[in-house]
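Novice: Quick check, what structure comes out for this input:
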Amino acid sequence: MDTRSPSRRRRWWSAGAAVALAAAGAVVFAQTANAVTAFSADFEDGSISGWSKSGGTWAVTTDGSRVANQANTGSENARLFNAANSLTDYTVQARVKPLNLGSAGFAALLARAGSATKYYRLALLPGNRVQLQAVNGGTVTVLGSVSRTVATGTWYTLAIEVSGSTVRGTVDGATVATATSTVSAAGRIGLQTSYAAASFDDVSVTTGGSGPTSPSPTKNSPTPTPTASPTGTPGNSAGLTGFATLTGYGRAGTNGGSGGPTVTVTTYAQLAAAVADDAPRIVRVSGTITGAGADMLDVGSNKTIIGVGATATISGFGFDVNGWGPDEVAWGGDLCDPAEKDSFTHVQNVIIRNLTFRSSADDSVNVQCYSHHVWVDHNTFYPAYDGSVDVKRGSDLVTVSYNRFAGTDKSMLLGHSDGNGAQDTGYLHVTYHHNWLDGSNTRHPRVRFGYAHVYANYVNVTDYFLGLGVGGQIYAESNYVKGAKTITQDFGDTRLTWTASNFYDPATITRANSSGNTQSDWLRADGSVPPPPYSVATGSASATPPAAGAGVAGADTIP
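Specialist: Numbers count the residues shown, from 1 in each chain. The predicted structure is shown next:
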């Protein structure tokens, strides 16, 4: 088990740390005319472990001070990446010293790296050339170029400013080019060499204002970098029960953004900035926020994301509670490879509450890659392209409660696939309670390798209630089943305890009525699953949807 503190795979501080008070007293994100330092790295800690590496031979070396060095001149694409994929308008700056450019190499700074092969690049080239480029797969478009001295062993300050479709590159404060491009709308920062050796230092990202236009400060006057690894105050939020209350992986319970500032967001950009880092923060979503072309929005640790009133809506995208972002997936091999799970710290202590999810382009809420201590509560889910609430790939200690699943399919998945036992065995402990399964189709939940405590849910579904797969265990009690084709759908190694406190109306079990099957055909319970390792009052099976109100009901009190 990973018991390390929750610093994530990046040292990243959201621009949302700057807030302003609105006239009504609500706290909102504000971007002023002054540039805000959102990220900085001087490598004085001797480590590049917070960066995503792709190719080359990277290490921290000493060149007057500590620097990031790439020494392999035979590597075609040696890259380091950092910051958030959702970052849009910003200026990235770094000092770059080419050590060996050869005849066809370069040393470069990257901005808006939306993938391993899509970004803007400012490159120092042999032959005394500097180019601002747009890279999209195998196509490199030169946006502008200047002739100037490029000498090995010399430091140059490179900066790329991206704002909307405008891209500007500078060297030592002098403009290389200003151009218009739509190759990449958002993405990380990066350092790159190709068939070259180089050192990099004093990397910074600024948002707001015009960004840096002169060489970066020396290490005698560094820009402070706030810590990105607070854990918040241990404990649980009011009303939370189940697995998310337990102690594990170095954390005691789930309290989300408790102890942090409260901010109100109304746009996708504000929301992305508010949830990107690991600092404790309570993020209030006001109105409808529509996705900006992204299927999933990465959520950092120690966050409470909560809707304001009864109308807060997430439209067209979902939340990815996941320490392995798309960059690690695309550039680091298998998704959250168990052999590499300790190479990346895991998102933890997240609450998602009082939101309506509509038309998600992928999942509405995805908890994966060893994330833990997550509470999904009092939300309304409408059909998504894929699942509504997925918990998979080694995640653990999650509670899903008082949600309404209105006509959804693939509603609640626990466990990624039948072949994922190496990653999932011993993890995936989830409590599902007081959810209203309102005409939903499948997965209520569907369990592989994990343990689900399923209690006090109101079930009126079009297909099966409980899905049982290889290695899956369900302890079910006090559920009211009004309609289903069958109570259980057996996908493999069936293990189920179905207590006498559950209620079902045999007349509504359509498989039994249509084929004359007996109860053993649609309720396959062997009683072998033990009760959960916590005490909770499950109550009696209720003939009406949960009395406390499943789904969004304006319950925007901070839990």
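Novice: where are the low-confidence patches of this structure?
Specialist: 1-35, 209-234, 292-294, 324-337, 339-345, 490-493, 510-522, 546-548, 554-559 (pLDDT under 70).
Novice: Quickly list what the residue nearest to the spatial centre of it is bridged to.
Specialist: Taking Cα atoms, centre = their mean as the criterion, residue 298 is the residue nearest the geometric centre of the chain, at 2.7 Å. Residue 298 forms beta bridges with residue 320, as assigned by DSSP bridges.
Novice: does it really touch residue 84, like I thought?
Specialist: Yes - between residue 298 and residue 84 there is a contact under Cβ atoms under 8 Å: 6.5 Å. For every residue, glycine as well, the C-beta is placed using N, CA and C.
Novice: Run through the residues that contact the residue nearest to the centre of the chain.
Specialist: By Cβ atoms under 8 Å, 6 or more residues apart in numbering, the contact list for residue 298 reads 84-86, 275-276, 320, 322, 325.
Novice: Which of those lies at the shortest distance from residue 194?
Specialist: Closest approach to residue 194 among the contacts of residue 298 (Cβ to Cβ): residue 85, at 22.5 Å.
Novice: element containing the closest one, please.
Specialist: Using DSSP states H and E, residue 85 sits within no helix or strand.
Novice: Please report the distance of it from residue 275.
Specialist: Distance, residue 85 to residue 275, by Cβ to Cβ, to the nearest Å: 12 Å.
Novice: Which of those two has more residues huddled nearby?
Specialist: residue 275 (25 against 21; other Cβ atoms under 10 Å).
Novice: correct me, but the more buried one touches residue 301?
Specialist: No - with contact defined as Cβ under 8 Å, residue 275 does not count as touching residue 301 (9.9 Å).
Novice: what's the burial count for residue 287?
Specialist: 14.
Novice: I meant residue 162, not that one.
Specialist: Residue 162, neighbours per other Cβ under 10 Å, totals 24.
Novice: which SSE is it in?
Specialist: strand 156-163.
Novice: buried stuff in the next helix or strand after that strand?
Specialist: Next along the chain after strand 156-163, taking DSSP H and E as the criterion, comes strand 166-171. Neighbour counts using 16 or more other Cβ atoms under 10 Å place 167-171 of strand 166-171 among the buried residues.
Novice: Just the buried residues out of the contacts of residue 298, in PyMOL syntax.
Specialist: Selection of the buried residues among those in PyMOL, burial being defined by 16+ other Cβ under 10 Å:
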select buried, resi 84+85+86+275+276+320+322+325
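Novice: Identify, from the contacts of residue 298, the entry nearest to residue 368.
Specialist: Distance to residue 368, by Cβ to Cβ, is smallest for residue 322 among the contacts of residue 298, at 4.9 Å.
Novice: quick one: that closest one from residue 119, how far?
Specialist: 22 Å.
Novice: what do you get for residue 417?
Specialist: 32 Å.
Novice: for residue 264, same thing?
Specialist: 32 Å.
Novice: Comparing these two, which residue is more hemmed in?
Specialist: residue 119 (27 against 20).
Novice: That one is in what secondary structure piece?
Specialist: Secondary structure (DSSP H and E) places residue 119 in strand 118-125.
Novice: Can you tell me which helices and strands that strand packs against?
Specialist: strand 106-115, strand 129-136, strand 156-163, strand 166-171 (3 or more Cβ pairs under 8 Å, 6 or more residues apart in numbering; DSSP states H and E).
Novice: What residues does the closest residue to residue 503 other than its chain neighbours make contact with?
Specialist: Closest residue to residue 503 apart from its sequence neighbours, by Cβ to Cβ, 6 or more residues apart in numbering: residue 541 at 3.8 Å. Counting by Cβ under 8 Å, 6+ apart, residue 541 touches 456, 478-480, 501-503.
Novice: do the same with residue 237
Specialist: 254-256, 258, 304, 351, 375, 559.
Novice: helix or strand right after the biggest helix by length in the chain?
Specialist: Determined from DSSP state H, the single longest helix within the chain is helix 268-275. Using DSSP H and E, the next helix or strand after helix 268-275 towards the C-terminus is strand 281-285.
Novice: Other residues contacting that following strand?
Specialist: Looking at strand 281-285 with Cβ under 8 Å, 6+ apart, the contacting residues turn out to be 16, 26, 256-258, 260-265, 271, 274-275, 302-308, 312, 314, 355, 556, 558.
Novice: Can you classify residue 507 as helix, strand or coil?
Specialist: At residue 507 the chain is in helix, as set by DSSP: H, G, I helix; E, B strand; the rest coil.
Novice: Neighbours of it, how many?
Specialist: Quick note: residue 507 (other Cβ under 10 Å) scores 9 neighbours.
Novice: go on, residue 535?
Specialist: Based on other Cβ under 10 Å, the number of other residues close to residue 535 is 7.
Novice: How about residue 92?
Specialist: 31.
Novice: I'd guessed it sits against residue 203; true?
Specialist: Yes - assessed by Cβ under 8 Å, residue 92 is found in contact with residue 203 at 7.3 Å.
Novice: list residues touching both of those two?
Specialist: residue 189.
Novice: So residue 67 is in contact with residue 60, correct?
Specialist: Yes - using Cβ under 8 Å, residue 67 is in contact with residue 60, at 7.0 Å.
Novice: who's more crowded, these two?
Specialist: residue 67 (22 against 16).
Novice: contact partners of the one helix or strand residue 483 maps to?
Specialist: Element membership for residue 483 (DSSP H and E) is strand 480-483. The contact list for strand 480-483, computed with Cβ under 8 Å, 6+ apart, reads 457-462, 465, 487, 502-505, 508-510, 541-543.
Novice: Would you mind giving me the ChimeraX syntax to select the buried ones in these?
Specialist: Buried residues among the contacts of strand 480-483 (16+ other Cβ under 10 Å), as a ChimeraX selection:
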select :457,458,459,460,461,465,487,502,504,509,541,542
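Novice: before we move on, back to that, hey, what's the angle from the strand holding residue 119 to strand 106-115? Just curious.
Specialist: Going by axes from the mean of the first three to the mean of the last three Cα atoms, to 10 degrees, strand 118-125 is angled at 180 degrees with respect to strand 106-115.
Novice: Pairing partners for strand 118-125, with directions?
Specialist: Going by DSSP bridges, the partners of strand 118-125 are strand 106-115 (antiparallel), strand 129-136 (antiparallel).
Novice: so which of those strands gets nearest residue 363?
Specialist: Comparing these under Cβ to Cβ, the one sitting nearest is strand 106-115, at 19.9 Å.
Novice: Can I get the closest one in CSV, CA atoms only?
Specialist: Extracted C-alpha coordinates of strand 106-115, given in CSV (Å, rounded to 0.1, in the frame of the first residue of the first chain):
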residue,chain,number,x,y,z
PHE,A,106,17.8,21.5,-31.2
ALA,A,107,17.1,22.5,-27.6
ALA,A,108,13.6,23.8,-27.0
LEU,A,109,10.9,25.0,-24.7
LEU,A,110,7.3,23.8,-25.2
ALA,A,111,3.8,25.3,-24.5
ARG,A,112,0.3,23.8,-24.7
ALA,A,113,1.5,20.3,-25.0
GLY,A,114,-1.9,18.7,-25.5
SER,A,115,-0.2,15.3,-26.2
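Novice: so what's residue 272 up against?
Specialist: Applying Cβ under 8 Å, 6+ apart, the residues near residue 272 are 84, 86-88, 297.
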